[in-house]
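In: Got a sequence here, can you model it:
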Amino acid sequence: MLLDEPTASVDEPGEEHIYELIHRLQDEHNLASIMVSHDLSFVFRYATNVLCLNRQRVCFGAPREALSADVLEKLYGEPMGFYHHDHLKSEPPAVAGG
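Out: Model prediction:
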């Protein structure tokens, strides 16, 4: 699947529904997907690999590595933050960035 900002202009409950649908389709049909998204909480929650781009730098890796506060600040030149709500009971929710 190729998706470009699939939840643009969708309210938060609608976003969650769309993200769950995409994730379920991936699992049920063994689909790979490439998605453009500015929603880092979704990317952190569902992505297996992340590619962040700007005009001069690139980062790639697992979400916990590629979306760390330090990496995002180096990439975009200022502190970046997002809330990620891990649904794994073994890890508490955390805030990345400042």
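In: Provide the backbone phi and psi angles at the residue nearest the centre of the chain.
Out: In the chain, the C-alpha nearest the mean C-alpha coordinate belongs to residue 43, at 1.1 Å (Cα atoms, centre = their mean). Its backbone dihedrals place residue 43 at phi -60, psi -50, with angles given as degrees, to the nearest 10.
In: so who does it touch?
Out: Shown in contact with residue 43 (Cβ atoms under 8 Å, 6 or more residues apart in numbering): 37, 50, 63, 67. Quick note: C-beta positions are derived from backbone N, CA and C, even for glycine.
In: For residue 25, see how far away the first one is.
Out: Think residue 37. Separation of residue 37 from residue 25 (Cβ to Cβ, to the nearest Å) stands at 16 Å.
In: Give me the more crowded residue out of those two.
Out: Set residue 37 next to residue 25 and count neighbours by other Cβ atoms under 10 Å: residue 37 wins out with 18 against 13.
In: Kindly reformat the contacts of residue 43 as CSV containing pLDDT.
Out: Below are the contacts of residue 43 laid out as CSV (pLDDT from 0 to 100):
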residue, pLDDT
37, 89
50, 93
63, 91
67, 89
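In: If you rank these by neighbours, which is first?
Out: Neighbour counts for these peak at residue 67, which has 24 neighbours (criterion: other Cβ under 10 Å).
In: Pretty sure that residue sits against residue 41.
Out: No. Under the criterion of Cβ atoms under 8 Å, residue 67 is not in contact with residue 41, lying 9.6 Å apart.
In: so what sits against both of these two?
Out: The overlap between the contact sets of residue 67 and residue 41 (Cβ under 8 Å, 6+ apart) consists of residue 82.
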